[in-house]
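Trainee: how would this look folded up:
(one chain, ligands or ions: 1)
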Amino acid sequence: MASAHSHTRRWWSQEAHGIRVSGEGTIATLLISSLVIYVTVVYQRRKKLPPGPWPWPVVGNLAVLAGLPHRNLQNLAAKYGGLMYLQLGQVPCLVVSTAAAAKELFRTHDVIFSYRPKRLDHEIISGKSYKSLTSAPYGPYWRQIRRICNTELFSPAIHASHVSVRSEEIHSMMKVLLAESRTEKAIDLKSWLTGVTANNMTRMLINKRFFGTGVSDQQEKKDFEEIFDHIFAAAGTFFISDFIPKLRFVEMLQGKIAKLTAFRKFLHSVIGKIFEVEKHRQRALERGNDPIYVPDFVDVLLNTPLDNGERLTDREIISILSSMIGAGTDTTATTVVWAMSELMVNPKIRKQAQEELDAVVGDSRLVEESDIPNLPFLRTIVKETFRLHAPVPLSLPRCSEQPCEVAGSQFPANTRLILNVFAIHRDPIVYENPDSFQPSRFVDHPEVDHMSGKDFYGLIPFGAGRRMCPGYHLGNVMVSLMLAHLLHSFDWRLPAGVTEENLDMSETYKLVGLRKKPLFLIAKPRSPAYLY
Ligand code: HEM
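Mentor: Sure, this is the predicted structure:
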């Protein structure tokens, strides 16, 4: 009995082993044949596409978007060239990394790539209709909003009418800086600059300010700050489901969807009060046709009919205003922080800029906007900062809506376009010593215009083509003005223990290229106190 039993066990074990061996064989065969099919399919497809790194199954080349994607992509472009192909999950992607490739692409394919890819945060926060200027698809709605913004917000006449707002906001913050300088404490420059740019934006848009002295409603200020902290944080977050929609559950598990949904609820509960859209509507009714009243931007948005005769909804107005504040605040403040960082590690350049300011402005008044055209060296510092520290290193993502042909290759609809401004601004064919801060490189080239977005594609901090930044003039003026004020009115030094040699100049990527560590500086006034 015992032997029969052991025989049966041996038989069973051999049989089972046999099954395992043949099972393993089948799995191995399946794996190998899947791999062969995958390699063949990818190889056949890739033959017809621009060069690029080999994609992993499922995720493709998504890993390049981790950490500092502008640098990862620059390194890849050094190997694969100015026009590179990536497979980002399920999304085909073209990466432009040289001035020549940017010129070629914008001259021939700007319209095709004038759409914006959908993002999870936009979908949850604003709903699926994407009605802000930054996220709206290229088409009639976007064209109308862009036209309204160009004529009612960014036109030379409107820009000129806001000179006093810019000046008041900078002067009001100069007073705060003066007071801070008396304490000899190191100042977090970014928070000061963000206050100025945010106040300037909100005064232009809704005739209100939220930072500095004289702000009475502290709760509203807190809500405003919370909203834009969330918007900036969401804009800098990577959502895997934007590239592999089936993985949306991952974002659910990570709590990202719950966080965005909670933010949407908070946003909708406070934003109406902050932007006062309904109050504007009521005031317009009470006012009637008062010829003396100067409408602000909310009045304009409420009153301008769209081509179909309809008016913008409150939701649409709120989206347009929020995206404008989101797009214009951090970008501008960050550029000045980088300019000051470079000037702290390049004291000779800082001194030269101060000498120019002293010669042009003198010591009996503060800088004025009309001084900027007379400060050519300061303007080269601004250009060089935009070059070396492009505030939006990968621009805003774009995509195609239709299938298209680029450089002889066919691309399906929804191909993403990444404009690697960071790499373009370091294109060794255009710039000598591209990694060093040398404003003098522009001294003999005043024709290099970082705001044209056409002809010269070696300096495009505001993007290029149809969706180029509409706030480029305002952004450039604010950066130049704030920098001029900081240098003319104060001498600056690094806090104890930090030197020109060891100041950390590394960056992080949150859609905007921010300093990894805040810039703390100690200010010493250069002008008599009554001037501030
Ligand atoms: C230093 C300042 C700024 C920089 C570097 C900057 C940069 C950019 C870039 C790279 C884009 C994407 C362009 C493209 O897709 O080709 C953009 C778009 C945009 N920017 Fe700016 N920007 C700045 C300031 C501003 C300001 C002050 C405003 C508003 C007052 C603004 C409003 C916008 C809007 C609404 C868009 C979306 C345009 C569209 O999709 O049609 N920006 N910006």
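Trainee: Any stretches of the protein with poor pLDDT?
Mentor: Scanning the chain for pLDDT under 70 picks out the ranges 1-23, 35-36, 38-45, 47.
Trainee: What parts of it come near the ligand?
Mentor: 133-134, 146, 201, 323-324, 327-328, 331-332, 335, 391-392, 395-396, 398, 461-464, 467-471, 474-475, 479 (C-beta under 6 Å from any ligand atom). Using the backbone N, CA and C atoms, a C-beta is placed for each residue, glycine as well.
Trainee: Now, those residues that are in strands?
Mentor: residue 398 (DSSP state E).
Trainee: Now intersect the residues of the chain next to the ligand with the helices, please.
Mentor: In this view, the residues of the chain next to the ligand that belong to helices under DSSP state H are 146, 201, 323-324, 327-328, 331-332, 335, 474-475, 479.
Trainee: Kindly present the residues you listed as TSV, with separate columns for neighbour count.
Mentor: Formatted as TSV, those follow (neighbours: other C-beta atoms under 10 Å):
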residue	neighbour count
146	17
201	25
323	20
324	22
327	22
328	22
331	23
332	25
335	28
474	22
475	22
479	26
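Trainee: Quickly name whichever of the residues you listed is closest to residue 110.
Mentor: Using C-beta to C-beta, residue 146 is the member of those that lies nearest residue 110, at 14.2 Å.
Trainee: residues in contact with the closest one?
Mentor: The contact partners of residue 146, taken as C-beta atoms under 8 Å, 6 or more residues apart in numbering, are 133, 470.
Trainee: What are the contacting residues of stretch 285-304?
Mentor: Stretch 285-304 is contacted from outside by 148, 152-153, 204-207, 275-277, 280-281, 284, 311-312, 317, 320-321, using C-beta under 8 Å, 6+ apart.
Trainee: run the last query once more with 10 Å
Mentor: The contact list for stretch 285-304, computed with C-beta atoms under 10 Å, 6 or more residues apart in numbering, reads 144-145, 147-149, 151-153, 158, 161, 203-208, 275-281, 283-284, 311-312, 314, 316-318, 320-321, 324.
Trainee: can you check stretch 244-258 too?
Mentor: Contacts of stretch 244-258 (C-beta under 10 Å, 6+ apart): 58-60, 62, 88-91, 118, 120-121, 124, 234, 237-242, 259-260, 262.
Trainee: Please spell out the PyMOL selection for the buried subset of those residues.
Mentor: Here is the PyMOL command that selects the buried residues among these (16 or more other C-beta atoms under 10 Å):
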select buried, resi 59+60+62+88+89+91+120+121+124+234+237+239+240+241+242+259+260
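Trainee: picking that back up, list buried residues within the contacts of stretch 285-304.
Mentor: Those of these that meet the buried threshold are 144-145, 148-149, 152-153, 158, 203-206, 208, 275-277, 280, 284, 312, 314, 316-318, 320-321, 324, by 16+ other C-beta under 10 Å.
Trainee: In the stretch 1-150 of the chain, what residue spans correspond to helices?
Mentor: Secondary structure of the stretch 1-150 of the chain (DSSP state H, counting those that start in this stretch): helices at 2-47, 69-80, 99-109, 120-126, 140-152.
Trainee: Please name every helix or strand in contact with the third one.
Mentor: In this case it means helix 99-109. strand 83-88, strand 91-96, strand 404-406, strand 416-419, helix 421-424 (3 or more C-beta pairs under 10 Å, 6 or more residues apart in numbering; DSSP states H and E).
Trainee: So what are the sheet partners of the shortest one and their directions?
Mentor: In other words, strand 404-406. According to DSSP bridges, strand 404-406 forms sheet pairs with strand 409-411 (antiparallel).
Trainee: What of the fourth one?
Mentor: Based on DSSP bridges, the pairing partners of strand 416-419 within the sheet are strand 91-96 (parallel), strand 398-399 (antiparallel).
Trainee: do you know which of those lies nearest residue 183?
Mentor: Of all these, strand 398-399 sits nearest to residue 183, with 46.4 Å by C-beta to C-beta.
Trainee: Let me see the residues that make contact with the closest one.
Mentor: Contacts with strand 398-399, where a contact means C-beta under 10 Å, 6+ apart, come from 91-94, 110, 112-118, 137-138, 413-419, 463, 465-467.
Trainee: Can you flag which of the contacts of stretch 285-304 belong to helices?
Mentor: Among the contacts of stretch 285-304, DSSP H puts 144-145, 147-149, 151-152, 158, 161, 203-206, 275, 277-281, 283-284, 314, 316-318, 320-321, 324 in helices.
Trainee: Just list the residues touching residue 65, thanks.
Mentor: 72-73, 86, 88-89, 93, 238, 240, 243, 394, 418, 509 are the contacts of residue 65 under C-beta under 10 Å, 6+ apart.
Trainee: Distance to residue 408 added to those, as CSV?
Mentor: Below are the contacts of residue 65 laid out as CSV (distance: C-beta to C-beta, whole Å):
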residue, distance to residue 408
72, 26
73, 22
86, 18
88, 22
89, 25
93, 18
238, 32
240, 32
243, 26
394, 25
418, 20
509, 32
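Trainee: Pick the one among those residues closest to the ligand.
Mentor: The shortest gap between the ligand and any of the contacts of residue 65 belongs to residue 394, at 8.7 Å (C-beta to the nearest ligand atom).
Trainee: hang on, the closest one packs against residue 421?
Mentor: Yes - using C-beta atoms under 10 Å, residue 394 is in contact with residue 421, at 6.7 Å.
Trainee: Who has more neighbours out of the two?
Mentor: Between residue 394 and residue 421, residue 421 has the larger neighbour count (other C-beta atoms under 10 Å), namely 27 against 20.
Trainee: and the gap between the nearest residue to the more buried one once chain neighbours are set aside and residue 221?
Mentor: In this structure, residue 421 finds its nearest non-sequential neighbour in residue 390, 4.4 Å apart by C-beta to C-beta, 6 or more residues apart in numbering. Relative to residue 221, residue 390 is positioned 31 Å away (C-beta to C-beta, to the nearest Å).
Trainee: Name all residues that make contact with residue 447.
Mentor: Contact analysis of residue 447 by C-beta under 10 Å, 6+ apart lists 455-456.
Trainee: Got the phi and psi for it?
Mentor: As for residue 447, its main-chain torsions (degrees, to the nearest 10) stand at phi -70, psi -20.
Trainee: 47 is where my numbering starts, stick with that
Mentor: In the new numbering, first residue 47, that becomes residue 493.
Trainee: Could I get the contacting residues of whichever residue of the stretch 247-396 of the chain sits closest to the ligand?
Mentor: Of all residues in the stretch 247-396 of the chain, the one sitting closest to the ligand is residue 374 (2.9 Å; C-beta to the nearest ligand atom). Contacts for residue 374 (C-beta under 10 Å, 6+ apart) come out as 243-244, 246-247, 250-251, 515-517, 520-521, 524.
Trainee: Quick check: the gap between residue 113 and the ligand.
Mentor: Using C-beta to the nearest ligand atom, to the nearest Å, one gets 21 Å for the distance from residue 113 to the ligand.
Trainee: Ramachandran coordinates for that residue?
Mentor: Dihedral pair for residue 113: phi 70, psi -110, per degrees, to the nearest 10.
Trainee: burial measure for the residue nearest to residue 445 when sequence neighbours are not counted, as a count.
Mentor: Nearest non-adjacent residue to residue 445, counting by C-beta to C-beta, 6+ apart: residue 163, 4.4 Å away. Residue 163: 20 surrounding residues under other C-beta under 10 Å.
Trainee: Could you do residue 259 as well?
Mentor: Residue 259 has 10 nearby residues by other C-beta under 10 Å.
Trainee: Quick check: which element contains the closest residue in space to it that isn't next to it in sequence?
Mentor: Of all residues not flanking residue 259 in the chain, residue 218 sits nearest, at 6.7 Å (C-beta to C-beta, 6+ apart). Assigned by DSSP states H and E, residue 218 belongs to helix 209-228.
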